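Novice: The following comprises the amino acid sequence and a computationally predicted model.
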Amino acid sequence: MDCADQIASRLIAAVNTRPMHEAEGRRARSYSVVRAERHYLTREGLCVKVWRMSTGEAVERGPGESSSAGLRPLPEGVGSSNTRPRVKFDTPHVFEAGVDTWRMAFAVSMDHGSDIFDLGRYKAQWRPSLGRLFVEGHPSADGLASGDLLLEELGEVEELVEENCGSHEFLGLGRLDSTATVKFEDGRQGVAVLQGMAALDFPRLKPVVWAKPPETVGLMALNSKGRLLGRCYDSGILRGTHGRGEAIRFEDQSRFKSGARPSQEVLTARYVQERFERRFQPLAKATKGLTVASLPVLTRKLQEQLIEGEISPAKAERLAGYLVMGGGGMSRSSNLRRRAELRELGLVEADAFFEPVEVNLGEVFEACLSSERWGL
């Protein structure tokens, strides 16, 4: 029996004798795994076919029988077929880039009388002890505002401030969210991007994840207790404009203290893009060549690397077994080691999918950084 046959045999034994459990953090629930059918591992085909079932008793299926209730087979092209999974990955399309939210600080001469009030489409906060007025909102009523339009919008805000609070002085920006939104034709790719963001270790940052599958991944400093420095989120779901995963937004959240607030002279498209680049350029370097993919795609890539001699049979068996079993029954440190081994090979698992999906995370970042939508 050659090395490839040994890997297949051991995987089948593991699949047939051990249950699969949902990821840590979900309500405890077991999945039964149907008998894995043996297929020879060759250069053309995969070796194991696995079905994941809903809770209940395992049901075996013989050759030619129809699927029983609860069975969910792997997609066409994965398993005994020698056809590779068809994975569509188009160049990321950035359809908008600019400023989502900003906050302006003013010194004013007249007490408004209310601590918080509406100022056009903005929210204004009056702090009488400081004699300061802070105005926050979206510079564009529809989508993101180009950096070159910020000066014009500032002029309109100043007119509203003068009408409500008398003479004033612009003190600078307290907040500026530099943002780019990426459109995916296949929403599964967008969800895979969020999963990749949640799974990675970025330089001097830690991810904070909301929902599962992720809908928002916040980025905090390693020693931070709460303030977000940036985030990646499903803008389409949040705003009701797109389906799940079809519009993913990357956002730098710059905050400026008194004495360091940017003046109106820097309100340009170049400055807005530079703030975004400052936050996401290190992430682009960290994810260069990194692929976020589902289980069928990852097992195929491991097989290819084994055949090409890039990884040893022992490593292929170890990582394939980890992927098939989902890390169930392993310690946290062992799970982290397996994930690190996959990252070294340029692979991250998109664990919400049991069908082929693949996206190059590094290319997504590069598309955001170099987009013409910044107006440069």
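Specialist: Arrived safely, thanks for sending.

Novice: Checking T179 next. Helix, strand or coil?
Specialist: The three-state label given to T179 by DSSP: H, G, I helix; E, B strand; the rest coil is strand.

Novice: 54 is where my numbering starts, stick with that
Specialist: Done: numbering now begins at 54, and the last item shifts to T232.

Novice: OK, contacts around it?
Specialist: E149, A150, G151, V152, D153, L197, R302, F303, E304, D305, F329 (Cβ atoms under 8 Å, 6 or more residues apart in numbering). Every residue, glycine included, has its C-beta placed from N, CA and C.

Novice: ok, so what distance separates the fourth one from W427?
Specialist: V152 sits 11 Å away from W427 when distances are taken as Cβ to Cβ, to the nearest Å.

Novice: Which neighbours do the two have in common?
Specialist: In contact with both V152 and W427: S199, G200, V325, using Cβ under 8 Å, 6+ apart.

Novice: most surrounded residue in these?
Specialist: Neighbour counts for the shared contacts of V152 and W427 (other Cβ atoms under 10 Å) peak at V325, which has 30 neighbours.

Novice: Wait, a strand at it?
Specialist: No - the assignment for V325, made by three-state DSSP, is helix rather than a strand.

Novice: so how far is H221 from it?
Specialist: 24 Å.

Novice: what do you get for Q356?
Specialist: From Q356 across to H221, the span is 66 Å (Cβ to Cβ).

Novice: ok, now P366?
Specialist: Distance, P366 to H221, using Cβ to Cβ: 72 Å.

Novice: When the two are compared, which one has more neighbours?
Specialist: The residue with more neighbours, out of P366 and H221, is H221; 16 against 13, by other Cβ under 10 Å.

Novice: Can you verify my assumption that the more buried one contacts L172?
Specialist: No - under the criterion of Cβ atoms under 8 Å, H221 makes no contact with L172, lying 12.0 Å away.

Novice: intersection of neighbour lists for the two?
Specialist: V214.

Novice: In JSON lines: the contacts of T232, plus pLDDT, secondary structure and distance to N217.
Specialist: Shown next, in JSON lines, are these (pLDDT from 0 to 100; DSSP: H, G, I helix; E, B strand; the rest coil; distance: Cβ to Cβ, whole Å):
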{"residue": "E149", "pLDDT": "95", "secondary structure": "strand", "distance to N217": "31"}
{"residue": "A150", "pLDDT": "97", "secondary structure": "strand", "distance to N217": "32"}
{"residue": "G151", "pLDDT": "97", "secondary structure": "strand", "distance to N217": "27"}
{"residue": "V152", "pLDDT": "97", "secondary structure": "strand", "distance to N217": "23"}
{"residue": "D153", "pLDDT": "96", "secondary structure": "strand", "distance to N217": "24"}
{"residue": "L197", "pLDDT": "95", "secondary structure": "coil", "distance to N217": "27"}
{"residue": "R302", "pLDDT": "97", "secondary structure": "strand", "distance to N217": "32"}
{"residue": "F303", "pLDDT": "97", "secondary structure": "strand", "distance to N217": "35"}
{"residue": "E304", "pLDDT": "97", "secondary structure": "strand", "distance to N217": "30"}
{"residue": "D305", "pLDDT": "97", "secondary structure": "strand", "distance to N217": "30"}
{"residue": "F329", "pLDDT": "97", "secondary structure": "helix", "distance to N217": "32"}
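
Novice: Just the closest of those residues to H191, please.
Specialist: Taking Cβ to Cβ as the measure, H191 lies nearest D153 of the contacts of T232, at 6.5 Å.

Novice: So between V152 and W427, which is more surrounded?
Specialist: V152 (26 against 23).

Novice: What are the boundaries of the strands in the stretch 204-353 of the chain?
Specialist: 221-236, 258-263, 269-274, 283-287, 300-308, 344-346 (DSSP state E, counting those that start in this stretch).

Novice: Thank you, goodbye.
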